[in-house]
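Peer 1: Quick check, what structure comes out for this input:
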Amino acid sequence: MPAKSAAQQRAAGAALGAKRGEQPTSKLKGTSRDTKRSMTEVQLEELAATPRKGKPEHKSGA
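Peer 2: Residues are numbered from 1 along each chain as shown. Predicted coordinates for the structure are as follows:
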């Protein structure tokens, strides 16, 4: 499941770092915190490893 925006990719990377114990969960906000709880480490790796070139900063609605 590739990231659809640069913001989604950054959130996944932050959640992955917290899941691995590289940073405290208390530093996570919003989507990163929810993503850490709901996804496995493998899923987060896949989402965070998506190439960023050509991705919008934020995905538009719908």
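
Peer 1: Show me which residues of stretch 23-41 are buried.
Peer 2: Using 16 or more other C-beta atoms under 10 Å as the burial criterion, the residues of stretch 23-41 that qualify are Leu28, Ser32, Arg33, Thr35, Lys36, Met39. (Each C-beta comes from the backbone N, C-alpha and C, glycine too.)

Peer 1: Identify the residues contacting that stretch?
Peer 2: Contacting residues not belonging to stretch 23-41 are listed as Gln8, Ala11, Ala12, Ala14, Ala15, Leu16, Gly17, Ala18, Lys19, Arg20, Leu44, Leu47 [C-beta atoms under 8 Å, 6 or more residues apart in numbering].

Peer 1: Among those, which ones are in helices?
Peer 2: Gln8, Ala11, Ala12, Ala14, Ala15, Leu16, Gly17, Ala18, Lys19, Leu44, Leu47 (DSSP state H).

Peer 1: most neighbours, which of those residues?
Peer 2: Note: the member of those with the most neighbours is Ala15, at 27 neighbours, neighbours being other C-beta atoms under 10 Å.

Peer 1: Among the contacts of stretch 23-41, which one lies nearest to Pro2?
Peer 2: Closest approach between these and Pro2, by C-beta to C-beta: Leu47, at 7.3 Å.

Peer 1: Now that closest one: closest residue in space that isn't a chain neighbour?
Peer 2: The spatially closest residue to Leu47, leaving aside those adjacent along the chain, is Ala12, at 3.9 Å (C-beta to C-beta, 6 or more residues apart in numbering).

Peer 1: who touches the one you found in this structure?
Peer 2: By C-beta under 8 Å, 6+ apart, the contact set of Ala12 is Ala3, Ser32, Thr35, Met39, Leu44, Leu47, Ala48.

Peer 1: in the buried residues of stretch 23-41, which two residues are the furthest apart from each other?
Peer 2: Using C-beta to C-beta, these reach their maximum pairwise distance at Leu28 and Met39, which is 12.9 Å.

Peer 1: The contacts of stretch 23-41: which two are farthest apart?
Peer 2: Farthest apart among the contacts of stretch 23-41 by C-beta to C-beta are Gln8 and Arg20. That separation is 18.8 Å.
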